[in-house]
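Q: After the sequence you'll find the predicted model.
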Amino acid sequence: MLRVGVKYCGGCNPEYDRVALVEQIRERLEGKASFVLPESEGVDVILTVHGCRTACADLSGFRGIETWAVTGIEEGEEFVREIIEKEVHIDAKNEK
Amino acid sequence: MMTAEQYEESLGKLNLVVYMFGERVDDVVGNPIIRPSMKAVAKTYELAHRPEYEDIMTAVSHISGNKINRFTHIHQGTGDLLKKSKMGRLLGRETGCCFQRCVGMDALNALSIVTFDIDTKYSTGYTKRFLKYLAYVQENDLTCDGAMTDPKGDRGLPPHKQPDPDHFLHIVEERKDGIVVRGAKAHQTGAVNSHEVIVMPTLSMRKEDEDYAISFALPSDAEGIMYIMGRQSCDTRKLEGGNLDQGNLMFGGHEALVVFDDVFVPWERVFMYKEYDFAGQLVEDFASYHRQSYACKVGVGDVLIGAAQTAAEYNGVARASHIKDKIIEMNHLNETLFCGCIACASEGRKEPSGTYCVNTLLANVHKQNVTRFPYEMARLAQDIAGGLMVTLPSEKDFKSEETGKWVEKYFKANPDVSTENRMRILRLIENITLGTAAVGYLTESMHGAGSPQAQRIMISRRANLPEKQKAAKKLCGIEE
């Protein structure tokens, strides 16, 4: 299962409910991805959840790890689609 | 880092001498007038442990390399200064009031610069002492009161000429192991919610004032320190029970007069001792940081805008063009304030000590705006809310068997909104614009971190007029 480290910006003036969005993403990807603290061992991808398009979350501690930035609800949906498609692609490859 | 619960517990262990309404307060943490202010400080601890806020609320100590609460951090770059401004907005919005902890952070940062500079000039050992103290504050995640403002007595006289020498805090005795000080610090925000008090001089000084050029830190319950609580408009509503008339049900602020009655300070806690030529710099650096700290008013402004918009909807007038325009104006003013605190942070500079300080001119411009814009925003919010925010009957009348039905009936507006909710939002606007929170949102915006004239003096000093004149003369062909 994909291990997703969730890294939030500081939330000084967020334009949407970041925590609620992550909860929705978590529900949508249940069984496909596990969501952990960003500094956890064995993280496959860092999901950076920014409250606005300034996207100021500090990612200096995550160099070398794939990151996916979300700055709004639509981009959260794109992340879900990407993970689902990735899994379909991997499943198809395994079947071959 | 401490949790909010650990912070509250740690305060309970202090033996503070606090007076309010002429009586000693036995249970400071549990006192209903003081407690909301403690909860506002506790929010600074709580948010540091929440993943969705830690990017702003925490930092890495340049001393230990450990993760610490940002309120104990020394700014290591403009990124830190920016996060400080954002933290102010975040906490202002979360609490709707003054959360009191910025003043200690500003004192620590100013001292990190000035102790280094004094050492450079006089080969004193203040930096080593200060860094040891800072490590203690960071390791224990302490809240510090930054105590600068003396009562000042006759404003026309310097400290050494005051009829009462105690109107500025001063040294009364020098001992082998330390010094004894006497005086007071006025308007101390969050004083009784602090573990430590950091004392600084309040103005520039000359040789004759050297006994007043003193900076030190003490535990807030050190022997000889007494706190006399300041009153706030509508403060005793917190004693009435109920949960409506206070407006802000959870948080608040407080100020106190802090008296130092022959208090002993050990040498290892002294960071400036008679170096009068550095008093002005300490005041200026602290004031610049603290003027930036008024970023918090942007967060409280967010709450006020939200309350005004809600009141408009509850009153059934939200679609009126003049109401929409007033909300736009409130947002314009609030975001202009945000521009100032972001600008002075992003234009910050590195001091010889390595600490980053905000741009002094821009910090003063920001604070000058803060002395004005919240007042205009409060006026607009009151305009939108309507007169009911000050004529509304009490919660007890609303809940009374005899009068409740009339309050319910005649203060109903939008049929989709309960009368109680309408009352709640009006009480919040009242709280921020003329109740307990107006102390922080309005008068503190005027006088906190220096009154308006203090910023105008700094703007005049820092605005480079000759360069502006040169630019003008060049364009119109003046050669002198």
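A: Right, received. Where do you want to start?

Q: What residues does residue B:265 make contact with?
A: Going by CB atoms under 8 Å, 6 or more residues apart in numbering or on different chains, residue B:265 touches B:178, B:179, B:180, B:181, B:216, B:218. Just so you know, the C-beta spots here come from the backbone N, C-alpha and C atoms, and that holds for glycine as well.

Q: ok so the fifth one is a strand residue?
A: It stands for residue B:216. Yes: assessed with DSSP: H, G, I helix; E, B strand; the rest coil, residue B:216 lies in a strand.

Q: Would you check that residue B:458 makes contact with residue B:362?
A: No: the pair residue B:458 and residue B:362 does not pass the contact test of CB atoms under 8 Å, sitting 10.6 Å apart.

Q: tally of neighbours for residue 78?
A: Picking chain A for this. By other CB atoms under 10 Å in any protein chain shown, 12 other residues sit near residue A:78.

Q: oops, I was thinking of chain B
A: 17.

Q: residues in chain A within reach of chain B, list them.
A: A:6-13, A:18-19, A:37, A:49, A:56-58 (CB under 8 Å from any CB of the partner chain).

Q: So how do I select the buried members of those in PyMOL?
A: To isolate in PyMOL the members of those that are buried, counting by 16 or more other CB atoms under 10 Å in any protein chain shown, one can use:
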select buried, chain A and resi 6+7+8+9+10+11+12+13+18+49+56+57+58
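
Q: Just the buried residues out of the contacts of residue B:265, in PyMOL syntax.
A: To isolate the buried subset of the contacts of residue B:265 in PyMOL, counting by 16+ other CB under 10 Å, use the following:
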select buried, chain B and resi 178+179+181+216+218
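
Q: Columns pLDDT and distance to residue B:408 on top of the contacts of residue B:265, output as CSV?
A: Shown next, in CSV, are the contacts of residue B:265 (pLDDT from 0 to 100; distance: CB to CB, whole Å):
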residue, pLDDT, distance to residue B:408
B:178, 98, 64
B:179, 98, 63
B:180, 98, 62
B:181, 98, 58
B:216, 98, 57
B:218, 98, 54
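
Q: so which of the contacts of residue B:265 comes closest to residue B:13?
A: residue B:218 (16.2 Å; CB to CB).

Q: The closest one and residue B:225 touch, don't they?
A: Yes: judged on CB under 8 Å, residue B:218 makes contact with residue B:225 at a distance of 7.0 Å.

Q: Any chance you could list residues touching both of those two?
A: B:197, B:263.

Q: What is the burial count for residue B:215?
A: When neighbours are counted by other CB under 10 Å, residue B:215 comes out with 28.

Q: scratch that, residue B:450
A: Counted with other CB under 10 Å, residues neighbouring residue B:450 total 23.

Q: Read off the pLDDT value for the nearest residue to it once chain neighbours are set aside.
A: Nearest residue to residue B:450, sequence neighbours excluded (CB to CB, 6 or more residues apart in numbering or on different chains): residue B:287, at 5.4 Å. Listed pLDDT for residue B:287 reads 97.

Q: Enumerate every residue touching residue 44.
A: You didn't pick a chain, so chain A it is. Taking CB under 8 Å, 6+ apart, we find residue A:44 in contact with A:2, A:3, A:4, A:66.

Q: I was thinking of chain B, sorry if that wasn't clear
A: B:57, B:69, B:71, B:91, B:99, B:101, B:143.

Q: With residue B:311 instead?
A: So residue B:311 contacts B:381, B:384, B:385, B:386, B:389, B:422, B:425, B:426, B:429 (CB under 8 Å, 6+ apart).

Q: Out of those residues, list just those in helices.
A: Among those, the members falling in helices are B:381, B:384, B:385, B:389, B:422, B:425, B:426, B:429 (criterion: DSSP state H).

Q: correct me, but the last one touches residue B:389?
A: To tie it back to what came earlier, the one meant is residue B:429. Yes: the criterion here is CB under 8 Å, and residue B:429 meets it with residue B:389 at 5.3 Å.

Q: Now do the shared contacts for the two.
A: Joint contacts of residue B:429 and residue B:389 (CB under 8 Å, 6+ apart) are B:311, B:382.

Q: how about the nearest residue to the residue in the stretch 51-200 of chain B that chain A sits nearest to, chain neighbours excluded?
A: Nearest residue of the stretch 51-200 of chain B to chain A: residue B:56, at 2.5 Å (CB to the nearest CB). Of all residues not flanking residue B:56 in the chain, residue A:10 sits nearest, at 2.5 Å (CB to CB, 6+ apart).

Q: where does the one you found land in three-state SS?
A: Per three-state DSSP, residue A:10 ends up coil.

Q: Verify the contact between it and residue B:86 for me.
A: Yes: with contact defined as CB under 8 Å, residue A:10 reaches residue B:86; the gap is 5.8 Å.

Q: Just give me the residue right at the centre of chain B.
A: residue B:100 (5.0 Å; CA atoms, centre = their mean).

Q: residues touching residue B:335, list them.
A: residue B:298.

Q: Toward the C-terminus, what is the element adjacent to the one helix or strand it maps to?
A: Using DSSP states H and E, residue B:335 sits within helix B:321-346. Heading C-terminal from helix B:321-346, the first helix or strand you meet, by DSSP H and E, is strand B:349-350.

Q: List the strands paired with that following strand, with their directions.
A: strand B:356-357 (antiparallel) (DSSP bridges).

Q: how about the residue in the stretch 301-450 of chain B that chain A sits nearest to, secondary structure?
A: Closest to chain A within the stretch 301-450 of chain B is residue B:302: 7.4 Å, counting by CB to the nearest CB. State at residue B:302, reduced to three classes by three-state DSSP: helix.

Q: swap in residue A:83?
A: helix.

Q: Identify the contacts common to residue A:10 and residue B:86.
A: A:56, B:56.

Q: what about the strands in chain A?
A: A:2-8, A:33-36, A:45-49, A:66-70 (DSSP state E).

Q: same question, chain B
A: Using DSSP E, strands in chain B cover B:18-20, B:23-24, B:58-60, B:67-69, B:144-147, B:170-174, B:178-189, B:196-199, B:214-219, B:225-229, B:255-266, B:270-273, B:349-350, B:356-357.

Q: Distance to residue A:85 for the ones you listed - can I get that in CSV?
A: Below are the strands of chain B laid out as CSV (distance: least, CB to CB, whole Å):
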stretch, distance to residue A:85
strand B:18-20, 62
strand B:23-24, 68
strand B:58-60, 35
strand B:67-69, 36
strand B:144-147, 52
strand B:170-174, 72
strand B:178-189, 54
strand B:196-199, 55
strand B:214-219, 58
strand B:225-229, 62
strand B:255-266, 58
strand B:270-273, 60
strand B:349-350, 47
strand B:356-357, 44
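
Q: if I look at residue B:286, how far off is chain A?
A: Applying CB to the nearest CB, to the nearest Å, the value for residue B:286 to chain A is 24 Å.

Q: Surely that residue and residue B:110 touch.
A: Yes: Residue B:286 is within contact range of residue B:110, at 3.9 Å (criterion: CB under 8 Å).

Q: Quick check: neighbours shared by these two?
A: Between them, residue B:286 and residue B:110 share the contacting residues residue B:200, judged by CB under 8 Å, 6+ apart.

Q: what's the burial count for the nearest residue to residue B:374 once chain neighbours are set aside?
A: Spatial nearest neighbour of residue B:374, chain neighbours left out: residue B:445 (4.7 Å); criterion: CB to CB, 6+ apart. Residue B:445: 25 surrounding residues under other CB under 10 Å.

Q: Contact partners for residue B:445?
A: B:294, B:297, B:370, B:371, B:374, B:375.

Q: In JSON lines, list those residues along with neighbour count and pLDDT.
A: Below are these laid out as JSON lines (neighbours: other CB atoms under 10 Å in any protein chain shown; pLDDT from 0 to 100):
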{"residue": "B:294", "neighbour count": "26", "pLDDT": "97"}
{"residue": "B:297", "neighbour count": "31", "pLDDT": "98"}
{"residue": "B:370", "neighbour count": "28", "pLDDT": "98"}
{"residue": "B:371", "neighbour count": "22", "pLDDT": "98"}
{"residue": "B:374", "neighbour count": "30", "pLDDT": "98"}
{"residue": "B:375", "neighbour count": "17", "pLDDT": "98"}
